[in-house]
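> Here is my input; please provide its structure:
(2 chains)
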Amino acid sequence: MTEQQDGKRALAEALLGASCAAHNLDLSTANREAVINNVCALIDASGTVHAFPLPDEVEPANIFQALP
Amino acid sequence: MTIPATGTRAAPLISDALAKAISAIRNHNPHVNAFTEIVEERAATAAAMLDRRQQAGEQLGPLAGVPFAVKNMIDVAGVRTLAGSKVNLDAAPAKRDAMLVRRLEAAGAVLVGTLNMGEYAYDFTGENHHHGPSRNPHDPDHMSGGSSGGSGSAVAAGLVPLALGSDTNGSIRVPSSFCGVFGLKPTFGRLSRAGSFPFVASLDHLGPIAKTVTLLAAAYDAMQGPDDEDPVCVSRPNEPTVHSLDAGVRGIRIAHAGGHFAQNATSEALRAVAEIAAALSATAQIEIPRAEEARCAAQIISAAEGGALHLERLRIRASDFDPIVRDRLQAATTIPAVWVDRAQRFRRWYQRQVLRLFEEVDIILTPTTPFRAPPIGATETILDGKVVPVRPAIGLFTQPISFIGLPVVSVPLWADAGLPLGVQIIAAPWREDLALRVAFHLEKTGVSHIRESSLGR
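Model prediction:
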């Protein structure tokens, strides 16, 4: 496992731990490894979105505003 | 325009035709597992009413006698809205029909049942851990596609000519591609979602799957209209499409998408787009910018909203979920707010960039799915020489389009004796008429069509 993969896994573990604590989630029935892999995929997806240099003035999409 | 159903209009009585249709569903559904419930008594009552009105000389609606079924996340009075889950088995039956069911019935269509789906619509495969997979009528060992798998399967098997599905990231278009039928994901906000079980409120759409483009358009026309019960449903006037279907494609500027949409696909999927483009004499190519980022942002928003929606069920009923769906939803509860905000900001930026493309073209062609329907249970596939997980790869080309609410018709192609593949015909917002016109032209010229399976009938 590379250093980057190690870091991603550690982040996934930390996020999952925080979520379980914050939301009172019990992972005893879950496939913990599968959940961690899914968190890692979300970390990758977020990384791809964040890597794009978005101008500060762009506001979030508003779903209640009809498309032009 | 009156839409001929599968023989029902030729029958002396709508009631007789509906009874035969329901009998066929009972006989053949076990091959495909598309239906979760058949509402025989309701259908018989509705058909008898249509017969009485017809005999009294009344003009019936444009969908008179057309049998239809709905994905089981769309409310039907007296039926449990399972949304593909075990958890919802404990819910009370719906008290009234969803708005789109009411509108189709007002046009004369006859509801015959509810359809199988992936659990809580978080699915691209059509597999269901609790109720069994809906099967591909053209090869029952292969996926129907999800999450509206029962909808695609039922139409492809000839059990109903029309079905309703939902599409958050591709769930109408993927089954349309895998099962070889026509599907329409309308512009975001065009069709009411009131009375449907949500998945991702900021991305959910409802729409039709049908055996012909004419039926697809007629159903779409019948379902348009404002609805205060869905806060994103627009008050824009109805824009009927059936009357212009046969206007041809001359003057419509059509291009196929390169970049993201010309990579990560099998040669068959790319050939399908090339075949459609050739049939339309469309030689131009355009690039949809940052489609991969769009797909990732759609993934973040979907997970965040889906995880939040199901949080309470995850707390108290985790063991009653499909394990694959549960593991994904539990992961989704970890997403920090800043990721979601960034994804929603990117969504606005991306939407502006893509809408600019429609100053140059009217229609964009892409593959619907990167490959044909994989075998049920497949977890990996090979794309561009790399082994990749099947489930997320199925949505490679649908997610970046629904992410910004564009209308899309998926049309089926049969390149050989194998399974079909869909091609997305993408239009600017509110231009369903153009996408449907192009689809109708392809159907009329024999380029795109459904192929009746022998399995379901």
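> which parts of chain A sit against chain B?
A:12, A:15-16, A:18-19, A:23-27, A:29-31, A:34-36, A:38-39, A:41-42, A:44-46, A:48-52, A:54-55, A:58-64, A:66-68 (Cβ under 8 Å from any Cβ of the partner chain). (Glycine included, C-beta is placed from N, CA and C.)
> Now, these that are in helices?
Judged by DSSP state H, helices contain the following of the residues of chain A next to chain B: A:12, A:15-16, A:18-19, A:23, A:34-36, A:38-39, A:41-42, A:44-46, A:48-51.
> Now, of those, which are buried?
Among those, those classed as buried by 16 or more other Cβ atoms under 10 Å in any protein chain shown are A:12, A:15-16, A:19, A:23, A:34-36, A:38-39, A:41-42, A:45-46, A:48-50.
> Give me the phi and psi for B:His28.
In terms of degrees, to the nearest 10, the main-chain angles of B:His28 are phi -100, psi -20.
> Burial check on it, number of neighbours?
When counting by other Cβ atoms under 10 Å in any protein chain shown, one arrives at 20 neighbours for B:His28.
> and A:Phe64, what pLDDT?
Confidence at A:Phe64, expressed as pLDDT, is 87.
> what's near enough to touch it?
B:Pro231, B:Val232 (Cβ atoms under 8 Å, 6 or more residues apart in numbering or on different chains).
> cool, and B:Ala262?
Applying Cβ under 8 Å, 6+ apart, the residues near B:Ala262 are B:Leu270.
> how close does it sit to chain A?
19 Å (Cβ to the nearest Cβ, to the nearest Å).
> same thing with B:Ala77?
Distance from B:Ala77 to chain A, counting by Cβ to the nearest Cβ: 28 Å.
> Ramachandran angles for the residue lying closest to A:Pro55 once chain neighbours are set aside?
The spatially closest residue to A:Pro55, leaving aside those adjacent along the chain, is B:Trp349, at 7.6 Å (Cβ to Cβ, 6 or more residues apart in numbering or on different chains). Main-chain torsions, B:Trp349, degrees, to the nearest 10: phi -60, psi -50.
> wait, doesn't B:Trp349 sit right on A:Val58?
Yes - between B:Trp349 and A:Val58 a contact is recorded at 4.9 Å, counting by Cβ atoms under 8 Å.
> which parts of the stretch 101-250 of chain B sit against chain A?
Selection of the stretch 101-250 of chain B residues close to chain A by Cβ under 8 Å from any Cβ yields B:Thr187, B:Phe188, B:Gly189, B:Ala201, B:Ser202, B:Pro231, B:Val232, B:Val234, B:Arg236.
> And the residue nearest the centre of chain B?
Geometric centre of chain B, nearest residue: B:Ile172, 1.7 Å, by Cα atoms, centre = their mean.
> these two touch, right, it and B:Val155?
No - with contact defined as Cβ under 8 Å, B:Ile172 does not reach B:Val155; the gap is 11.2 Å.
> Residues in contact with both of the two, list them for me.
What both B:Ile172 and B:Val155 touch, as defined by Cβ under 8 Å, 6+ apart, is the set B:Ile209.
> Who are the contact partners of the nearest residue to B:Val181 once chain neighbours are set aside?
The shortest distance from B:Val181 to any non-neighbouring residue, by Cβ to Cβ, 6+ apart, is to B:Val155 (4.7 Å). Applying Cβ under 8 Å, 6+ apart to B:Val155 gives the contacts B:Pro161, B:Leu162, B:Ala163, B:Cys179, B:Val181, B:Ile209, B:Ala210, B:Lys211, B:Ile450.
> tell me which element B:Val155 falls in.
helix B:149-156 (DSSP states H and E).
> Which residue ranges of the stretch 51-200 of chain B form strands?
B:67-71, B:110-115, B:135-136, B:139-143, B:162-167, B:182-185 (DSSP state E, counting those that start in this stretch).
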